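1. need a structure here:
(2 chains)
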2 protein chains.
Amino acid sequence: MADTRFHVAGIGNAIVDVLVHADDTLLNQLGLTKGVMTLIDQATADSIYDQLPPGVECSGGSAANTIVGLASLGAKTAYVGKVKNDQLGQVFRHDIRSAGIAFDTASAEDGNSTARCFVLVTPDAQRTMLTYLGACVELTPDDVDEAVIAASAVTYLEGYLYDPPAAKRAFLAASSAAHNAGRLVSLSLSDPFCVDRHRVDFADLVANHVDILFANEAELCSLYQTDDFDAAIRASRGHCKVAAITRGALGSVVVSGDDTIVVGADSVDQVVDTTGAGDLYAAGFLYGFTQGRDLATCALLGGIAAGEVISHFGARPERPLAELAAAKLGVPSL
Amino acid sequence: MADTRFHVAGIGNAIVDVLVHADDTLLNQLGLTKGVMTLIDQATADSIYDQLPPGVECSGGSAANTIVGLASLGAKTAYVGKVKNDQLGQVFRHDIRSAGIAFDTASAEDGNSTARCFVLVTPDAQRTMLTYLGACVELTPDDVDEAVIAASAVTYLEGYLYDPPAAKRAFLAASSAAHNAGRLVSLSLSDPFCVDRHRVDFADLVANHVDILFANEAELCSLYQTDDFDAAIRASRGHCKVAAITRGALGSVVVSGDDTIVVGADSVDQVVDTTGAGDLYAAGFLYGFTQGRDLATCALLGGIAAGEVISHFGARPERPLAELAAAKLGVPSL
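-> As a prediction, the model looks like this:
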């Protein structure tokens, strides 16, 4: 096996979030279902933007948030994703590189603008998302540097990559490259409606290609088309090495071989915005995993990272997670 | 006098803020003096951006923040400022219009990009700013709609407008248009170093053209080149109808004719980021003033608006100021 230069390489849709406060009236007016991500085209994005209150722009993207969380914990990381060479693309690139992450995917020079996601945060801290994929549709297998994948202990892929068709091929190329190099592949199911859109593909992936699966309860139930969480857990057992299933305030359940590990959520003073909770859980979990920690500690680290990100507005950590984890668990740095 | 369509029209540098957390080490490394605003060119902006941690983008600009605060209090407002027709310019336009503000200044179609200000917030809640003026240098007297100025009870101008040469001419054109229509002119001195750059001009303005002056202690002392606050207050008396001087945690002092009104600061649980404190004080004060309130109430309203904006990251209010003011003072809506 080649040298491990990176603990985790992440591949995802490179997106700048526009965070706005919203109430249920605005969600109804826009015809939105609370808590889910809807794909929109440019014309819809423009029309909806006109109806939104003032916003704040932050770099986002599910796998990117996870990789930033891993970097904040002290992991060595790389990211692959497509922005355009425009102002928001430059912002995205600055933010991910300034977190110490290797990010060398070439920007698109023309075509669609850098992707944007309108994140409508309601007073109950739920987020409802509208994504214009923009330049993300330009990500192709050519953007996947096999040397980076081969040098990464885990390649982490977000399910949302199945939405842009060429990115799906990049996803599969990265997955093959990782396994050919004797590495592990991790997948986040992203969203129950994303699972609906790609259920057959995802079921095949989980059964045959994924080593470490991340999902929340709704996504896992959607994957196995059941309302019964215990049935979904049973179905997932044996399909991949490790499945880490998050349950919000109930914490998480980790299934591995015959083991089932249940870990409570980290205590949080005030839940402000749940955006990025799943992304950061994956960050904490994979940090522990690539450090050779036991699965219960991986789940605790996931809970600590998720707890930080839901305590404030926005999907990336505001406090250095390494310090937070060290304070809570005594986890040493690399 | 024409109909009063607007309580306040603001003219300023239209800027998107990039908020980053910084420590004293980073300020020293960049050779910056804490608490002041420094003008930078495009090359310096690019070089400094490379050295900054991840950021969050928010619409800003001193007078724009004031106008947004006034709108949040319930005032009818207009804004004049120059962005480019690029992504950040569209963000700026969206945010100000979505606050209910009339904003019809044409975007520049080419030339410099929309202005950006790097706001480095240190753990002591102080902000240190680096401004690339970008498209703001394209603001000219042609952008000042005299009908809007004539229909505004107060025209509010930020001192920073004296930095781009053509904007200075726009400032003077707006000031003349306001007085020709029998309206009032208000000026914020913006920054002690801005006062240094334009002291002779500002002294003439304050003595001969400004009706309502906003400054903090350092700016007023810089204007009159004294270390003695009482001497600066004496010098300002009689130079304009009203001078409202802010003193941070000490509150503010309002000088008008023979009167001197001292008002304490609003209580704030935690000061997170002082960016926008002066801008929002002016918003609260002018709201009271255009509602015909007594000067002490104007100063209290200034303190309430400033107290809200320093309790969180960013220079624009997060809570509806009308509700906050009503709860604290029982101020009725328009």
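
2. buried set for stretch A:30-48?
-> Buried residues in stretch A:30-48, defined by neighbour count with 16 or more other C-beta atoms under 10 Å in any protein chain shown: A:30, A:32, A:35-40, A:45, A:48. C-beta coordinates here come from the backbone N, C-alpha and C atoms, glycine included.

3. stretch A:319-330 now?
-> A:321-322, A:324-325.

4. among these, list the two that are farthest apart in space.
-> Within these, two members stand farthest from each other by C-beta to C-beta: A:A322 and A:L324, at 7.3 Å.

5. if we can go back for a sec, for the buried residues of stretch A:319-330, give me JSON lines that also has pLDDT, distance to chain B and secondary structure.
-> Formatted as JSON lines, these follow (pLDDT from 0 to 100; distance: C-beta to the nearest C-beta, whole Å; DSSP: H, G, I helix; E, B strand; the rest coil):
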{"residue": "A:L321", "pLDDT": "96", "distance to chain B": "13", "secondary structure": "helix"}
{"residue": "A:A322", "pLDDT": "95", "distance to chain B": "15", "secondary structure": "helix"}
{"residue": "A:L324", "pLDDT": "94", "distance to chain B": "15", "secondary structure": "helix"}
{"residue": "A:A325", "pLDDT": "94", "distance to chain B": "19", "secondary structure": "helix"}
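
6. filter the buried residues of stretch A:30-48 down to the ones close to chain B.
-> Near chain B, judged by C-beta under 8 Å from any C-beta of the partner chain, there are no entries from the buried residues of stretch A:30-48.

7. in helices, which of the residues you listed fall?
-> A:45, A:48 (DSSP state H).

8. okay, the buried residues of stretch A:30-48 in TSV with pLDDT next?
-> As requested, those are exported to TSV (pLDDT from 0 to 100):
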residue	pLDDT
A:L30	93
A:L32	93
A:G35	87
A:V36	86
A:M37	90
A:T38	93
A:L39	94
A:I40	96
A:A45	94
A:I48	94
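
9. what's the closest of the buried residues of stretch A:30-48 to B:A282?
-> Closest to B:A282, out of all of these and judged by C-beta to C-beta, is A:I48, at 32.8 Å.

10. for the closest one, give its distance to chain B.
-> 11 Å (C-beta to the nearest C-beta, to the nearest Å).

11. kindly report the same for A:H198.
-> Counting by C-beta to the nearest C-beta, the gap from A:H198 to chain B is 30 Å.

12. for the stretch 201-334 of chain A, which residues are neighbours of chain B?
-> For the stretch 201-334 of chain A, the contact set with chain B under C-beta under 8 Å from any C-beta comprises A:314, A:316, A:318.

13. go again with 6 Å.
-> By C-beta under 6 Å from any C-beta of the partner chain, no residue of the stretch 201-334 of chain A approaches chain B.

14. quick check: A:V137 is in a strand.
-> No. Counting by DSSP: H, G, I helix; E, B strand; the rest coil, A:V137 falls outside a strand, being helix.

15. mind listing what it touches?
-> The contact partners of A:V137, by C-beta atoms under 6 Å, 6 or more residues apart in numbering or on different chains, come to A:P164.

16. if we can go back for a sec, need the buried residues of stretch A:319-330 in CSV (columns: distance to A:A207).
-> Shown next, in CSV, are these (distance: C-beta to C-beta, whole Å):
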residue, distance to A:A207
A:L321, 33
A:A322, 35
A:L324, 36
A:A325, 33
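
17. out of the residues you listed, who's nearest B:A99?
-> Among the buried residues of stretch A:319-330, A:L321 lies closest to B:A99 (C-beta to C-beta), at 34.6 Å.

18. hmm, A:G74 and that closest one touching each other?
-> No. Judged on C-beta atoms under 6 Å, A:L321 makes no contact with A:G74 at a distance of 8.2 Å.

19. so which of the buried residues of stretch A:30-48 are in strands?
-> Members of the buried residues of stretch A:30-48 lying in strands (criterion: DSSP state E): A:37-39.

20. which residue does the stretch 101-250 of chain A have closest to chain B?
-> A:S113 (6.9 Å; C-beta to the nearest C-beta).

21. before we move on, what about the stretch 151-300 of chain A?
-> A:V272 (11.2 Å).

22. that residue: how many residues sit nearby?
-> Counted with other C-beta atoms under 10 Å in any protein chain shown, the neighbours of A:V272 add up to 15.

23. thinking again about what came up before, report the two of the buried residues of stretch A:30-48 separated the most.
-> Farthest pair in the buried residues of stretch A:30-48 (C-beta to C-beta) is A:G35 and A:A45. Separation: 19.8 Å.

24. show me what contacts the closest residue to A:G89 other than its chain neighbours?
-> Of all residues not flanking A:G89 in the chain, A:V83 sits nearest, at 3.4 Å (C-beta to C-beta, 6 or more residues apart in numbering or on different chains). Applying C-beta under 6 Å, 6+ apart to A:V83 gives the contacts A:14, A:89, A:92, A:107, A:114, A:135.

25. quick one: residues contacting the residue nearest the centre of chain A.
-> By C-alpha atoms, centre = their mean, chain A has its centre lying nearest to A:S62, at 3.2 Å. Counting by C-beta under 6 Å, 6+ apart, A:S62 makes contact with A:12, A:158, A:160, A:279.

26. phi, psi of it?
-> Taking degrees, to the nearest 10, you get phi -60, psi -60 for the backbone angles of A:S62.

27. what's the nearest residue to it if we skip its chain neighbours?
-> Leaving aside its sequence neighbours, A:S62 sits nearest to A:E158 (C-beta to C-beta, 6+ apart; 4.4 Å).
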